[in-house]
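Enquirer: please work out how this folds:
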Amino acid sequence: MRINLAFIALLLFNALLLGFMITQISISSQEAQGIFSTSDFSFVYARYFLDHFGFNDFALRLPFLAIHFCNIWLIFELSKLYLKKPKDALICAWIYAFLPGVDITSILVGKSVFILFFALLLCYVHIRRYYSLFFVLCTFGSLLDFSFSVIFLALFIYAFRFKHNKTLIFSLIGFSINMYFFKLPIGGSPSGHFLDTVGLLALLYSPFLFVYFIYTLYRGIIKKEKNLMLYISATSIIFSLLLSLRQEIDLFSFIPLSVVGLPIAIKDFLHNIRLRLPTFRRAYLRRFYTILLPLVFEVLVLFGNKFLFLSEPKRHFLSNFYFAKELAETLKMHQISAIKTNPSLQSQLAFYGIKKADYPILKQRKNGEIKIIYLGKVTKTYTIK
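Expert: Model (predicted):
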């Protein structure tokens with residue numbers, strides 16, 4: 001009972017923080033362009049709710065937040081099957097819910113939450129040994145998105161290592177079907193993005209947690225742990241790093257799959273603590289706190305990111321998700337309902353009800369008459385001609 005209440009408290013607390021963040025940010029230019037012109041599934045999904053509940057930030061982002069809560073529930077249920085105690089599963093769910101990469105993608109318009117939902121569902125079905133349903137879901141997944149090629153690749157390695165011949169053949173067929181329909185986006189002239197990819201991975205997990213996570217995946221593979229979570233997680237990371245040697249990759253298509261292995265890291269840590277006598281546990285607890293402290297810091301920076309505008313507005317890591325909403329409100333206060341500006345900002349303003357026109361013209365200018373103020377500081381100025 002206490003575990004379930006603590007889990008509900010987790011959902012409420014996470015919802016409160018993410019709901020607050022939704023009120024702070026605007027639609028990005030990429031999201032706005034996708035909403036008005038892209039047939040990708042995630043944008044079709046978002047448009048359905050916008051058409052029914054109006055063009056506003058909550059109608060845009062709450063549908064993705066709902067999938068995020070389903071993912072928290074799945075990681076919790078998966079952990080209860082994999083870990084020894086219910087409280088271990090609760091620890092895993094709390095850590096998952098506040099991974100920076102998980103939080104930021106949970107309210108953005110994109111396919112990451114869907115990819116992660118499908119991967120967690122596959123792992124849950126597999127660990128419960130509902131194999132018929134597992135193969136049906138895999139077949140369906142092969143037609144959804146090119147990112148599922150990683151799942152079939154992981155399934156192939158898993159089947160090869162543990163000599164599951166039927167699964168081996170199935171994974172090859174599924175991979176071939178996925179490649180036929182989507183064709184993995186590999187092309188262009190070779191360009192190295194390996195260090196950028198490693199840096200982003202460390203940022204999405206937090207640096208120390210990422211290192212420990214990689215260590216536990218390596219240990220699991222060496223010990224031949226028979227767990228599909230392990231192989232999906234490891235394959236997605238290795239595949240992303242190898243692909244980044246040649247080109248810049250869409251991390252939000254591949255990296256979400258790596259998160260399914262989080263229960264493995266939690267199990268390894270708790271196992272190490274419980275094997276030791278109480279007097280020898282302090283070193284492991286200190287290691288745990290050392291891993292989690294940067295994660296806590298990143299969470300504070302993420303949810304309090306607006307304060308970063310006080311130091312260096314131009315280098316704000318989420319600057320593309322600000323200004324548009326406040327700018328649209330200011331234009332409406334000036335009785336302006338249509339204006340001309342650059343294409344990316346034009347689509348953002350259109351989401352908030354400012355139509356496109358040939359005149360007047362809005363430009364970003366220093367010391368312009370329209371000012372966007374955050375926390376008492378002017379962060380951007382525009383002028384109208």
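
Enquirer: C-alpha from now on. contacts and neighbour counts both.
Expert: Noted.

Enquirer: burial of L262, as a residue count?
Expert: 21 (other CA atoms under 10 Å).

Enquirer: F213 is in contact with that one, correct?
Expert: Yes. Here L262 lies in contact with F213, judged by CA atoms under 8 Å, at a distance of 7.4 Å.

Enquirer: what touches both of the two?
Expert: Here L262 and F213 have no joint contacts, going by CA atoms under 8 Å, 6 or more residues apart in numbering.

Enquirer: contacts for stretch 293-307 next, please.
Expert: For stretch 293-307, contacts defined as CA under 8 Å, 6+ apart pick out 17-18, 21, 98-100, 205-209, 374-375.

Enquirer: and those residues as a markdown table, adding distance to P294, secondary structure and neighbour count?
Expert: A markdown table is the format used below for the contacts of stretch 293-307 (distance: CA to CA, whole Å; DSSP: H, G, I helix; E, B strand; the rest coil; neighbours: other CA atoms under 10 Å):
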| residue | distance to P294 | secondary structure | neighbour count |
| --- | --- | --- | --- |
| L17 | 19 | helix | 13 |
| L18 | 20 | helix | 20 |
| M21 | 20 | helix | 18 |
| F98 | 12 | coil | 18 |
| L99 | 11 | coil | 20 |
| P100 | 11 | helix | 23 |
| Y205 | 10 | helix | 23 |
| S206 | 6 | coil | 24 |
| P207 | 7 | helix | 20 |
| F208 | 7 | helix | 19 |
| L209 | 8 | helix | 22 |
| Y374 | 26 | strand | 17 |
| L375 | 26 | coil | 10 |
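
Enquirer: okay if I get these as TSV plus pLDDT and distance to I173?
Expert: TSV is the format used below for those (pLDDT from 0 to 100; distance: CA to CA, whole Å):
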residue	pLDDT	distance to I173
L17	95	43
L18	96	40
M21	95	43
F98	92	37
L99	91	34
P100	88	35
Y205	81	33
S206	81	36
P207	83	37
F208	85	38
L209	86	35
Y374	90	54
L375	85	56
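
Enquirer: name the nearest of those residues relative to D196.
Expert: P207 (13.5 Å; CA to CA).

Enquirer: that closest one and Y289: what is the separation?
Expert: Distance of P207 to Y289, given as CA to CA, to the nearest Å: 13 Å.

Enquirer: before we move on, what about A9?
Expert: Applying CA to CA, the value for A9 to Y289 is 22 Å.

Enquirer: need the helices for the stretch 201-350 of the chain, in chain order.
Expert: 207-222, 228-244, 251-254, 262-275, 282-303, 324-333, 343-351 (DSSP state H, counting those that start in this stretch).

Enquirer: out of those, nearest to H68?
Expert: helix 251-254 (14.4 Å).

Enquirer: tell me the helices and strands packed up against the closest one.
Expert: For helix 251-254, the elements it packs on are helix 112-127, helix 228-244, judged by 3 or more CA pairs under 8 Å, 6 or more residues apart in numbering; DSSP states H and E.

Enquirer: in a helix, A357, correct?
Expert: No. Counting by DSSP: H, G, I helix; E, B strand; the rest coil, A357 is not part of a helix but strand.

Enquirer: so where's the stretch 251-385 of the chain uncertain?
Expert: 251, 276-280, 313 (pLDDT under 70).

Enquirer: contacting residues around I151?
Expert: Contacts of I151 by CA under 8 Å, 6+ apart are A119, I232, S236.

Enquirer: separation between the nearest residue to L209 once chain neighbours are set aside and I72?
Expert: Spatial nearest neighbour of L209, excluding adjacent residues (CA to CA, 6 or more residues apart in numbering): I291 at 5.4 Å. To I72, I291 is 21 Å away according to CA to CA.

Enquirer: more neighbours, these two?
Expert: Neighbours were counted for I291 and for I72 using other CA under 10 Å; I72 has more, 22 against 18.

Enquirer: how far does the host helix or strand of the more buried one sit from the chain's center?
Expert: Taking DSSP states H and E as the definition, I72 sits inside helix 57-82. Centroid separation for helix 57-82 versus its chain: 11 Å, with CA atoms, centre = their mean, to the nearest Å.

Enquirer: same check on stretch 346-363?
Expert: 30 Å.

Enquirer: if we can go back for a sec, next, the angle from the helix holding I72 to helix 228-244.
Expert: Taking axes from the mean of the first three to the mean of the last three CA atoms, to 10 degrees, one finds helix 57-82 and helix 228-244 inclined to each other by 130 degrees.

Enquirer: what angle sits between helix 57-82 and helix 324-333?
Expert: 160 degrees.

Enquirer: show me this protein divided up by domain.
Expert: 2-303, 314-384 (automatic domain parsing).

Enquirer: just name the most buried of those domains.
Expert: Sort those by mean neighbour count, taking mean count of other CA atoms under 10 Å, and domain 2-303 sits at the top with a mean of 18.

Enquirer: now do it: distance from first to last residue.
Expert: 28 Å.

Enquirer: which stretches of the stretch 101-250 of the chain have low pLDDT?
Expert: For the stretch 101-250 of the chain (pLDDT under 70), the answer is 184-192, 246-249.

Enquirer: and after whatever helix or strand Y158 lives in, which helix or strand comes next?
Expert: Assigned by DSSP H and E, Y158 belongs to helix 149-161. Counting by DSSP H and E, the next helix or strand C-terminal to helix 149-161 is helix 165-182.

Enquirer: for that following helix, packing partners?
Expert: Using 3+ CA pairs under 8 Å, 6+ apart, helix 165-182 sits against helix 149-161.

Enquirer: and the angle for the helix it packs on with helix 228-244?
Expert: For helix 149-161 against helix 228-244, the angle by the same axes, to 10 degrees is 120 degrees.

Enquirer: any idea of the angle helix 149-161 forms with helix 165-182?
Expert: For helix 149-161 against helix 165-182, the angle by the same axes, to 10 degrees is 160 degrees.

Enquirer: wait, which of the helices and strands packed on helix 251-254 is closest to A357?
Expert: That would be helix 112-127 among the helices and strands packed on helix 251-254, by CA to CA, at 34.9 Å.

Enquirer: nice, that's everything, thank you.
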